[in-house]
Each structure stands twice: as structure tokens, then as C-alpha cells.
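Student: need a structure here:
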Amino acid sequence: MSSSFYAMLSRMKYIKRWALMRNSESENISEHSLEVSMLAHGLAILGNRRLGKHLDADRCAVIGLYHDAGEILTGDMPTPIKYYNRQIASVFHDIEDDASNMLLAMLPEDIREDYRGVFFRAEGEEELWRIVKAADKISALIKCIEEAKAGNREFDSAAKTLEAAIHALQVPEAELFLTEFLPAYYRTLDELSSQANETV
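Tutor: Next up, the predicted model:
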């Protein structure tokens, strides 16, 4: 019996983010998920090297890859609507769970459980999921920075909201990233290349 799971995942590239915003450069959830995966991996490494933790960085990366996969079925719900009130947020959370279960059901039964932990939190992995959530918000903040660099002020308010939300998560790895790595996103390619040449 054939499975639709991977063919469905390949459609992540067709789901656009920031639907209510005027974008100078569109972003889809496939691009976003790759960035979240890399950021989550990096945050976990920061936690291990700088904070003496023993986080599974590879596991963080995999969770990041799949964290928005359900949006293939639900679409990317704009944040102002999704979190308009607790009732809407609760209902949409249930819809996201249903979408994840629908994707899991597309897998052959003998490998389904291997994927459950990237769609739903496994016991003892709360810190990894918090890191992925921080990475998700950092990725969104990076998008805001890129739009500002392109002269688009549409994302100015979102940038302030996201920065506050990252601080509110109280993830020390995210604070390290904001201090040490985020400033580089404000630089031009020539400035980034110049620094790279200086370190060689």
C-alpha cells in the first residue's frame, strides 16, 4: 500500500507565511522550517558549551524541521487571529493536533511511532521544545530584520513584539543568540564577507 506522507510534506513549499503582511520577499514554511531547525540545533549547542547542559542538539534540529508540518493542512494562520483570545487559541491548538494526527496516519503503521515524537512532545523533552519555540520566534524576528533592510516598515511592530516574546520565554540560549549572533543579520553581504576574510 502506498503512503502519501512524504509527498504531502513536500507541499510545505507551497504554504506562504505572513499572509496579512506586505512582503518584499515571500517566505514559505519549508524555508522557515529549515531555518528553525538550524537555529534550534545552534541554541542547543550553545546550551551545552556555554551553560553546561546536555541537550540533544540533533533532536532539536529534527523537531524544528517538523514543527510547522501541520500547516500543510491548516495553512499558516496569522498570529493576530490565532491568538485573538483564549477560546480561538484553544480551538486552533486542537486543529493543529488533528492535522498532526492526519499526517501521522499517512505513514505505514510500522514506522508511525518513530515520527510521533516530532509532532507531539515526548515526556522529558519539554526543554527541547522550548528551545525550538525560541528558535521559531528568532526565525520570525530575522524575517522582520530582513524586511526592514529591504525598506519595508510593515514588520516594525512585529519585530518589537517578537523580541519581547523571546525574552518572555526565558531561554538563556536564546539570549546568548540575540547578543552574539543576531547583530550580524543587520549587516550587508559585503560587511559579512569582510568579517569572514578578517578571520581567515
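Student: nearest residue to R11 other than its sequence neighbours?
Tutor: With sequence-adjacent residues excluded and distances taken as C-beta to C-beta, 6 or more residues apart in numbering, R11 is closest to I72, at 5.4 Å. Every C-beta, even on glycine, is put in place using the N, C-alpha and C of the backbone.
Student: any idea of the pLDDT on the one you found?
Tutor: Confidence at I72, expressed as pLDDT, is 94.
Student: what helix or strand is it on?
Tutor: helix 71-74 (DSSP states H and E).
Student: In the protein, what helix or strand scores lowest on average pLDDT?
Tutor: Least confident helix or strand of the chain, by mean pLDDT, DSSP states H and E, is helix 79-82 with a mean of 66.
Student: downstream neighbour of it in the secondary structure list?
Tutor: Later in the chain than helix 79-82, the nearest helix or strand by DSSP H and E is helix 86-105.
Student: tell me what that following helix is packed against?
Tutor: Secondary-structure packing of helix 86-105 (3 or more C-beta pairs under 8 Å, 6 or more residues apart in numbering; DSSP states H and E): helix 5-9, helix 71-74, helix 79-82, helix 109-119.
Student: Output those in CSV; the columns should cover distance to K160.
Tutor: Below are those laid out as CSV (distance: least, C-beta to C-beta, whole Å):
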stretch, distance to K160
helix 5-9, 33
helix 71-74, 25
helix 79-82, 13
helix 109-119, 31
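Student: got the residue ranges for the helices in the protein?
Tutor: For the chain, the helices defined by DSSP state H occupy 5-9, 29-51, 57-66, 71-74, 79-82, 86-105, 109-119, 126-149, 156-169, 172-180, 189-199.
Student: picking up where we left off before, now do the helix holding I72: everything it contacts.
Tutor: M8, L9, R11, M12, I15, I29, F92, I95, E96, A99, M102, L103 (C-beta atoms under 8 Å, 6 or more residues apart in numbering).
Student: give me that answer again for 6 Å
Tutor: Contact partners of helix 71-74, identified using C-beta atoms under 6 Å, 6 or more residues apart in numbering, comprise M8, R11, M12, I15, I29, I95, A99.
Student: Give me the distance from it to the chain's centre.
Tutor: With C-alpha atoms, centre = their mean, to the nearest Å as the basis, helix 71-74 stands 15 Å off its chain's centre.
Student: likewise stretch 134-147?
Tutor: Distance, centroid of stretch 134-147 to centroid of chain: 9 Å (C-alpha atoms, centre = their mean).
Student: cool, stretch 9-19 as well?
Tutor: With C-alpha atoms, centre = their mean, you get 13 Å for stretch 9-19.
Student: Restricting the selection to alpha carbons, write that stretch to PDB.
Tutor: C-alpha atoms of stretch 9-19 as PDB (Å, rounded to 0.1, in the frame of the first residue of the first chain):
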ATOM      1  CA  LEU A   9       5.400  17.100   3.300                       C
ATOM      2  CA  SER A  10       6.900  18.200   0.000                       C
ATOM      3  CA  ARG A  11       4.000  20.600  -0.200                       C
ATOM      4  CA  MET A  12       5.300  22.700   2.600                       C
ATOM      5  CA  LYS A  13       7.000  24.900   0.000                       C
ATOM      6  CA  TYR A  14       3.600  26.000  -1.200                       C
ATOM      7  CA  ILE A  15       2.400  27.300   2.100                       C
ATOM      8  CA  LYS A  16       3.200  31.000   2.400                       C
ATOM      9  CA  ARG A  17       3.800  32.700   5.800                       C
ATOM     10  CA  TRP A  18       2.900  36.300   6.900                       C
ATOM     11  CA  ALA A  19      -0.300  36.200   4.800                       C
END
